[in-house]
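Asks: Got a sequence here, can you model it:
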Amino acid sequence: MFGRQPKSEIDSLVGISARIEGDLCFTGGLRIDGEVHGNVYAADGADSMLIVSEHARIEGEVRCANLVVNGYIAGAVHSTELLELQPKGRIHGDVHYRLLEMHGGALVTGKLTHEPAGEPVFHLADAEAGAAAG
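Replies: Residues are numbered from 1 along each chain as shown. Okay, here's the model as predicted:
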């Protein structure tokens, strides 16, 4: 939708009957159908993709580039590229994102904070200084 094609290949899977106690670090693509009681982190790099299915439950912080949520996350979320909240997606925690796609029915209980990719084109302080000088 935003002219980006995030990595769609899934390298790893946490099955629906699996329960992980502790932090989970991954590279590439990861799909979670089960439960994770701990933080979920992608290794540095813009190619990471995490899919949280409608059956999934994460209790901990989530950090990755591209994130699709159709399940439940209780914790802070940091998406450095695209965050897609699907209709059954639920996030209870603060969300930091660069691009956001939110479907009807999705729910966020917490603050949404946009993290720009680079420097803003226009600085309000510069405009006020220029107006005061002119």
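
Asks: Quick check: which ranges of the protein have low pLDDT?
Replies: For the chain, the stretches flagged by pLDDT under 70 are 1-8, 45-46, 118-134.

Asks: now the helices for the protein?
Replies: 124-133 (DSSP state H).

Asks: Geometric centre of it: which residue is closest?
Replies: Closest to where the C-alpha atoms of the chain average out (C-alpha atoms, centre = their mean) is Ser79, at 3.5 Å.

Asks: Who does that residue form a beta bridge with?
Replies: As for beta bridges, Ser79 partners with Cys64, Tyr97 under DSSP bridges.

Asks: Could you pull up the contacting residues of it?
Replies: Contact analysis of Ser79 by C-beta atoms under 8 Å, 6 or more residues apart in numbering lists Cys64, Ala65, Asn66, Leu67, Val95, His96, Tyr97, Arg98. Where you see a C-beta, it was placed from the backbone N, CA and C, and this is true even at glycine.

Asks: For those residues, pick the one with the most neighbours.
Replies: Highest neighbour count within those, by other C-beta atoms under 10 Å: Leu67, with 29 neighbours.

Asks: Tell me who's in contact with that residue.
Replies: Per C-beta under 8 Å, 6+ apart, neighbours of Leu67: Met49, Leu50, Val52, Val77, Ser79, Leu82, Leu83, Glu84.

Asks: which one of those has the most neighbours?
Replies: So for these (other C-beta under 10 Å), the most neighbours sit at Val52, 29 neighbours.

Asks: Going by distance to Asp44, which of the contacts of Ser79 wins?
Replies: Ala65 (9.3 Å; C-beta to C-beta).

Asks: close enough to count as contact, the closest one and Glu81?
Replies: Yes. Between Ala65 and Glu81 there is a contact under C-beta atoms under 8 Å: 4.3 Å.

Asks: thinking again about what came up before, a markdown table for the contacts of Leu67, including distance to Asp23?
Replies: Compiled in a markdown table, these are given as follows (distance: C-beta to C-beta, whole Å):
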| residue | distance to Asp23 |
| --- | --- |
| Met49 | 18 |
| Leu50 | 14 |
| Val52 | 16 |
| Val77 | 15 |
| Ser79 | 18 |
| Leu82 | 23 |
| Leu83 | 20 |
| Glu84 | 23 |
